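A.B. asks: need a 3D model of the sequence below.
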Amino acid sequence: MTTTTFTVTGMTCAHCVASVSEEVGAVDGVTGVDVDLPTGAVTVTSSRAIDDAHVRAAIEEAGYTLAG
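C.D. replies: Residues are numbered from 1 along each chain as shown. Sure, this is the predicted structure:
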């Protein structure tokens with residue numbers, strides 16, 4: 001099991017959290033997504049290592065930006 005935390009900018013409400021959770025959760029291998037709205041932290045749990053580019057693409061598809 002692998003856990004990685006990303007910082008996402010632009011999220012302001014529960015709908016934002018749902019959008020990011022849905023898109024990131026659809027990435028192959030992702031088993032869990034926890035979004036902390038106040039800090040922008042998105043913790044991704046996966047069954048194996050996942051390429052950060054796939055997570056970045058999912059976050060951008062949801063309409064948000066990965067910090068850094």
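
A.B. asks: now the helices for this protein?
C.D. replies: Taking DSSP state H as the test, the helices found in the chain are 14-25, 52-61.

A.B. asks: got the contact list for the longest one?
C.D. replies: Read it as helix 14-25. 8, 10-11, 30, 32-33, 35, 37, 42, 44, 55, 58-59, 61-64 (Cβ atoms under 8 Å, 6 or more residues apart in numbering). C-beta here means a position set from N, CA and C on the backbone, and glycine is covered the same way.

A.B. asks: so how far is it off the chain centroid?
C.D. replies: Mean-position distance between helix 14-25 and its chain equals 8 Å (Cα atoms, centre = their mean, to the nearest Å).

A.B. asks: what's the angle from that helix to helix 52-61?
C.D. replies: 150 degrees (axes from the mean of the first three to the mean of the last three Cα atoms, to 10 degrees).

A.B. asks: may I see the buried residues of helix 14-25?
C.D. replies: 16, 17, 19, 20, 21, 23, 24 (16 or more other Cβ atoms under 10 Å).

A.B. asks: next, format those as TSV and append pLDDT.
C.D. replies: Formatted as TSV, these follow (pLDDT from 0 to 100):
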residue	pLDDT
16	97
17	97
19	97
20	98
21	98
23	98
24	98
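
A.B. asks: next one, pLDDT for residue 39 please.
C.D. replies: What the model reports for residue 39 is a pLDDT of 97.

A.B. asks: nearest residue to it in space, please, no chain neighbours.
C.D. replies: Nearest residue to residue 39 in three dimensions, chain neighbours excluded: residue 7, at 7.6 Å (Cβ to Cβ, 6 or more residues apart in numbering).
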